[in-house]
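In: Structure for this input, please:
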Amino acid sequence: MKRILIVIGAVAIGVAGIAAQQQQQGARYTPAPGAKDKRAVLFNWAWYMGMLRGPQEIEAVVALEQKATGTMQINGQTCTLSSYRVSTNYPNTGQRVQCACRLPNGQEVKNIEVLSGTYAWDEDIAGAELVPGKGKATPKLDLLNERLIRLWSSPQGAPKAAEAAGANAKVTMEGGKTIVTYPIPGVAGAIARATLTSGAPDGICTSYCAERIEVRRGNAVTEFSYSNYEDYNDPENRIDAFFPGRITEKRDGVTMLDLTVERTETGNVYVVMPVPDSVRRASATR
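Out: Numbers count the residues shown, from 1 in each chain. Reported below is the predicted structural model:
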């Protein structure tokens, strides 16, 4: 995957993550075999995802790029993707989704969906309005919660959000499955319920990786399903950081996204999202 420099800036929400906890403790932590307490489960979730790095095994994933094929829902119709690229910045709560798809009648739909801190907007070109006269940014503040939910329910975003939740994160066992519940950062009343895999511990993400995350906010339910974990980086740049090859997102039972991941870049690429002035002004008037 080509690394594209996208100059964007974001508003940090202060997700401390596993790295801060372990740095404070100073010593390397290793859970006891079979431990199911919260600290052990959250550590193993990140460990089996390949998110822990260095001699002290601290969680240091900052950014992610991914490309996928599949379908998305557009105004009640299935739109077949011709391109789908997601650029994510976890510490600064930023994400840019660049997509193009074709409806059953042959119409092509293109969009760039952006989240940055407490702002959400669409762009007609990446980085719209950052250079005067270049592109158009359209505020989408009504979609802020939806985009935050997607970010913090993502395969790498979920363990980060659960760790950041501190005492508000809970670990339980149900039917032999490990369940982690945590609040979605920045979305009042949104609670995520992550079901982790529980297979043999010697396979790729057969244990302690999210297979399903359900987010409830009031009567609204968003469900994410993840499977086929592998290292999808370029063959010359694989670092045993794992990501699901199949992703589905359902909202109130309707499939909004059905993705097959083609390529990732998990080597902390440079991803930032500056907020256009027009988007800041629109937010200030609400």
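In: Pull up the gap between Q73 and M173, please.
Out: 34 Å (CB to CB, to the nearest Å). Where C-beta positions appear, they are placed from N, C-alpha and C, glycine not excepted.
In: Settle it for me: which of these two has more neighbours?
Out: The residue with more neighbours, out of Q73 and M173, is Q73; 17 against 11, by other CB atoms under 10 Å.
In: Report pLDDT for the more buried one.
Out: Q73 carries a pLDDT value of 96.
In: what comes up buried for stretch 279-286?
Out: V279, A282, S283 (16 or more other CB atoms under 10 Å).
In: And stretch 123-131, by the same measure?
Out: Buried, per 16+ other CB under 10 Å, within stretch 123-131: E123, A126, G127, A128, E129, L130.
In: what about the helices in this protein?
Out: Assigned by DSSP state H, the chain shows helices spanning 17-25, 38-48, 144-152, 157-164, 277-284.
In: just how off-centre is the second one within its chain?
Out: Relative to the chain's own centre, helix 38-48 is displaced by 18 Å; criterion: CA atoms, centre = their mean, to the nearest Å.
In: Show me what that helix is packed against.
Out: The helices and strands touching helix 38-48, judged by 3 or more CB pairs under 8 Å, 6 or more residues apart in numbering; DSSP states H and E, are helix 17-25, helix 157-164, strand 170-174, strand 177-183, strand 207-217.
In: Give the buried residues for that helix.
Out: For helix 38-48, using 16+ other CB under 10 Å, the buried residues are K38, A40, V41, L42, F43, N44, W45, A46, W47, Y48.
In: Out of the helices and strands packed on helix 38-48, the one nearest S83 is which?
Out: The closest of these to S83 is helix 157-164. By CB to CB, the value is 22.2 Å.
In: between the closest one and strand 170-174, how big is the angle?
Out: Here the directions of helix 157-164 and strand 170-174 differ by 120 degrees (axes from the mean of the first three to the mean of the last three CA atoms, to 10 degrees).
In: now helix 157-164: mean pLDDT?
Out: 97.
In: Convert the C-alpha atoms of it to PDB, please.
Out: Taking Å, rounded to 0.1, in the frame of the first residue of the first chain, the C-alpha atoms of helix 157-164 are listed here in PDB:
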ATOM      1  CA  GLY A 157      -9.900   0.800  18.400                       C
ATOM      2  CA  ALA A 158     -12.000  -1.400  20.700                       C
ATOM      3  CA  PRO A 159      -9.200  -2.700  22.900                       C
ATOM      4  CA  LYS A 160      -7.900   0.800  23.200                       C
ATOM      5  CA  ALA A 161     -11.300   2.200  24.200                       C
ATOM      6  CA  ALA A 162     -11.900  -0.700  26.700                       C
ATOM      7  CA  GLU A 163      -8.500   0.000  28.400                       C
ATOM      8  CA  ALA A 164      -9.100   3.700  28.500                       C
END
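In: Just the angle for it relative to helix 38-48, thanks.
Out: 150 degrees.
In: burial count for G253?
Out: 7.
In: Can you give me the pLDDT of it?
Out: 94.
In: nearest spatial neighbour of it, skipping sequence neighbours?
Out: Counting by CB to CB, 6 or more residues apart in numbering, G253 lies nearest to V221, which is 7.8 Å off, once chain neighbours are set aside.
In: Identify the residue spatially nearest to E65, adjacent ones excluded.
Out: E265 (4.0 Å).
In: okay, now that neighbour: neighbour count?
Out: Look at E265: counted by other CB under 10 Å, it has 21 neighbours.
In: From A164, how far off is it?
Out: Counting by CB to CB - E265 and A164 are separated by 24 Å.
In: Over to D234?
Out: According to CB to CB, D234 and A164 sit 30 Å apart.
In: Looking at those two, which is more packed in?
Out: Remark: of D234 and A164, A164 carries more neighbours, 21 against 13, as counted by other CB under 10 Å.
In: wait, isn't that one in contact with P185?
Out: Yes: using CB atoms under 8 Å, A164 is in contact with P185, at 6.6 Å.
In: need the contact list for the nearest residue to G135 once chain neighbours are set aside.
Out: Spatial nearest neighbour of G135, chain neighbours left out: A128 (3.0 Å); criterion: CB to CB, 6+ apart. By CB atoms under 8 Å, 6 or more residues apart in numbering, the contact list for A128 reads I112, K134, G135, K136, A137, P276.
In: Relative to G199, how far out is the fifth one?
Out: By that I understand A137. To G199, A137 is 45 Å away according to CB to CB.
In: Comparing those two, which residue is more hemmed in?
Out: Relative neighbour count places A137 above the other of A137 and G199, with 23 against 12, counting by other CB under 10 Å.
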